[in-house]
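1. I would like the atomic coordinates for the input below:
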Amino acid sequence: MTAVVNVNETIDRHPITAYQVGVLALCMPAAAFDGYDTQAIGYTAPAIAEAFHLPREIFGPVFSAG
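-> Below is the predicted model:
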């Protein structure tokens, strides 16, 4: 026998708890810090290319791999 659960009703019946707010509070800075490296490399790549005397086009595969 299979029980049918309406997920929308179950979610709507239960209030948001402090645990859920805490998890969200931890996930938000983690997501921001995760995206920081992607943004920072866009600004630093020209200086890195100049320092190592490399063409900028060589960084395309490096960026796409990340």
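2. pull out the buried positions in the longest helix along the chain.
-> Longest helix of the chain, by residue count under DSSP state H: helix 18-51. Within helix 18-51, the residues that qualify as buried are A45, counting by 16 or more other CB atoms under 10 Å. To be clear about C-beta, it is placed using only N, CA and C from the backbone, and glycine gets the same treatment.
3. follow the chain on from it and name the next helix or strand.
-> helix 59-65 (DSSP states H and E).
4. quick check: mean pLDDT across that following helix?
-> Helix 59-65 shows an average pLDDT of 81 in the prediction.
5. what packs against the helix or strand bottoming out on mean pLDDT in the chain?
-> Scoring the helices and strands of the chain by mean pLDDT, DSSP states H and E places helix 59-65 at the bottom, with a mean of 81. Secondary-structure packing of helix 59-65 (3 or more CB pairs under 8 Å, 6 or more residues apart in numbering; DSSP states H and E): helix 18-51.
6. quick check: buried residues in the least confident helix or strand of the chain?
-> F59.
7. before we move on, back to that, who does the longest helix of the chain touch, helix- and strand-wise?
-> So helix 18-51, by 3+ CB pairs under 8 Å, 6+ apart, packs with helix 59-65.
8. does R56 touch A47 like I think?
-> No: R56 lies out of contact with A47 (CB atoms under 8 Å); the separation is 10.7 Å.
9. rounded mean pLDDT for the longest helix of the chain, please.
-> On average, helix 18-51 scores 89.
10. and that helix, how far out from the chain middle?
-> In terms of CA atoms, centre = their mean, to the nearest Å, the centre of helix 18-51 is set 7 Å apart from its chain centre.
11. how about stretch 52-66?
-> Centroid separation for stretch 52-66 versus its chain: 22 Å, with CA atoms, centre = their mean.
12. got the CA positions of that stretch in CSV?
-> Only the C-alpha atoms of stretch 52-66 are listed here, as CSV (Å, rounded to 0.1, in the frame of the first residue of the first chain):
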residue,chain,number,x,y,z
PHE,A,52,54.1,35.2,-17.4
HIS,A,53,54.2,36.7,-21.0
LEU,A,54,51.2,34.6,-22.0
PRO,A,55,48.4,35.6,-24.5
ARG,A,56,45.1,36.3,-22.7
GLU,A,57,43.3,33.8,-25.0
ILE,A,58,45.1,30.9,-23.2
PHE,A,59,43.0,31.5,-20.1
GLY,A,60,39.8,30.6,-21.8
PRO,A,61,40.0,26.8,-21.1
VAL,A,62,41.2,27.6,-17.6
PHE,A,63,38.1,29.7,-16.9
SER,A,64,35.7,27.2,-18.4
ALA,A,65,37.2,24.3,-16.4
GLY,A,66,36.5,26.1,-13.2
